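Novice: Sequence first, predicted model second:
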Amino acid sequence: MLNEGGLAPQFCLPNEENVNICIDEFKGKWVVLYFYPKDNTPGCTTEACDFTASFDDFKNLDAIIVGISPDSPQKHVKFIKKYQLKHILLSDIEHEALEKYGVWRKKTIYGNSFLGVIRSTFLIDPDGKLAKIWPKVKVKGHAEEVKGVLDKLQS
């Protein structure tokens, strides 16, 4: 279980162009790291579009937005193009980061249990520490809430 104030776990994952991106590349900046279950599903699309709509606001707060799901880089290409997403999407097919951040867990939907992504967000400070954790995200208004917390932490 990760705690606020602790160090953010390190990882390197491919983006939509199959180029490995490592979280430590963003040291010195704020990182909004959000984990989501699947491209092109209603909740995940809303979340991604909300972060894109606020992209410039986050950029002005010196923050990078990174989304991670177990989808392939090829699926991310289609998702990014379809919704004109502006932020980074990484592919975690092997669940490396998902497991390190504790978001790959047992879920139950309609009585069926399976392993899947628990929608979660981690705000990482410029020193690589976890400044804020949202362990179970409700999509509506989430990007605005993250932006508000980030703004407050920088004040």
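Specialist: Okay, I see it.
Novice: How about the lowest-mean-pLDDT helix or strand in the chain, which residues are buried there?
Specialist: None of the helices or strands of the chain scores lower by mean pLDDT, DSSP states H and E than strand 104-109, at a mean of 89. The neighbour-count criterion (16 or more other C-beta atoms under 10 Å) identifies Trp104 as the buried residues of strand 104-109. Just so you know, the C-beta spots here come from the backbone N, C-alpha and C atoms, and that holds for glycine as well.
Novice: Also stretch 8-24?
Specialist: Of the residues in stretch 8-24, those buried under the neighbour-count criterion (16+ other C-beta under 10 Å) are 8-9, 11, 13-16, 21, 23.
Novice: Over that stretch, what's the mean pLDDT, rounded is fine.
Specialist: Along stretch 8-24, the predicted confidence averages to a pLDDT of 97.
Novice: Show me what that stretch is in contact with.
Specialist: Counting by C-beta atoms under 8 Å, 6 or more residues apart in numbering, stretch 8-24 makes contact with 2, 31, 33, 66, 68, 73-74, 76-77, 80, 88-92, 96-97, 100-101, 122, 124, 128-130, all of which sit outside it.
Novice: start to end distance for it?
Specialist: This stretch, stretch 8-24, spans 9 Å end to end (C-alpha to C-alpha, to the nearest Å).
Novice: And that stretch, how far out from the chain middle?
Specialist: In terms of C-alpha atoms, centre = their mean, to the nearest Å, the gap separating the centre of stretch 8-24 from the centre of its chain is 12 Å.
Novice: show me the contacts for the most far-flung residue of the chain relative to its centre.
Specialist: Here the chain has its C-alpha centre computed as a mean, and the residue farthest from that point, by C-alpha atoms, centre = their mean, is Gly111 with 27.3 Å. Listed by C-beta under 8 Å, 6+ apart, the contact set of Gly111 is empty.
Novice: Give me the sheet partners of the least confident helix or strand of the chain and which way each runs.
Specialist: Based on DSSP bridges, the pairing partners of strand 104-109 within the sheet are strand 112-117 (antiparallel).
Novice: Can I get the next helix or strand after the strand it pairs with in PDB? Just the C-alpha atoms.
Specialist: As assigned by DSSP states H and E, the chain's next helix or strand after strand 112-117 is strand 120-124. Included here for strand 120-124 are C-alpha records, laid out as PDB according to Å, rounded to 0.1, in the frame of the first residue of the first chain:
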ATOM      1  CA  SER A 120      -6.900   5.700  -9.300                       C
ATOM      2  CA  THR A 121      -4.800   8.800  -9.500                       C
ATOM      3  CA  PHE A 122      -1.500   9.700  -8.000                       C
ATOM      4  CA  LEU A 123      -0.100  13.300  -7.800                       C
ATOM      5  CA  ILE A 124       3.700  13.100  -7.800                       C
END
